[in-house]
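Asks: dropping a prediction and its sequence here:
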Amino acid sequence: MVIVTLQRDKCIGCNYCVEMDPIHFQMSKKDGKSVLIHSVNSKGFFTLKSPNHTIAESCELAARACPVKIITVKET
């Protein structure tokens, strides 16, 4: 299982996550912040859980590119 988390309220809208992983991230036209596609919101933490381990690499690239370090990727 791969668990990707985005702390959206701290997003500065730099777009690096989208550049690194446009399949899982997009920028909101409403507020200019990052959106983790198909995620579930719990108290400002948007979480995507996937049994597909192939998403880990691209999501990890997005996490490393984030200048405010609000994206985490865990594999279990």
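Replies: Great, that's in hand. Residues are numbered from 1 along each chain as shown.
Asks: mind listing what's buried in stretch 65-72?
Replies: For stretch 65-72, burial by neighbour count (16 or more other Cβ atoms under 10 Å) applies to A65, C66, I70, I71, T72. Bear in mind the C-beta positions are built from the backbone N, C-alpha and C, glycine included.
Asks: ends of it, how far apart?
Replies: The straight-line separation of the ends of stretch 65-72 (Cα to Cα, to the nearest Å) is 11 Å.
Asks: now that stretch: how far from the chain's centre is it?
Replies: Centroid separation for stretch 65-72 versus its chain: 8 Å, with Cα atoms, centre = their mean, to the nearest Å.
Asks: who touches it?
Replies: With contacts defined as Cβ atoms under 8 Å, 6 or more residues apart in numbering, stretch 65-72 is touched by 4-8, 10-12, 14, 16-17, 19-20, 59, 62-63.
Asks: re the thing from before, can you redo the buried residues of stretch 65-72 as CSV with distance to H38, pLDDT and secondary structure?
Replies: Output for those, formatted as CSV (distance: Cβ to Cβ, whole Å; pLDDT from 0 to 100; DSSP: H, G, I helix; E, B strand; the rest coil):
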residue, distance to H38, pLDDT, secondary structure
A65, 20, 98, helix
C66, 19, 98, coil
I70, 18, 98, coil
I71, 15, 98, strand
T72, 17, 98, strand
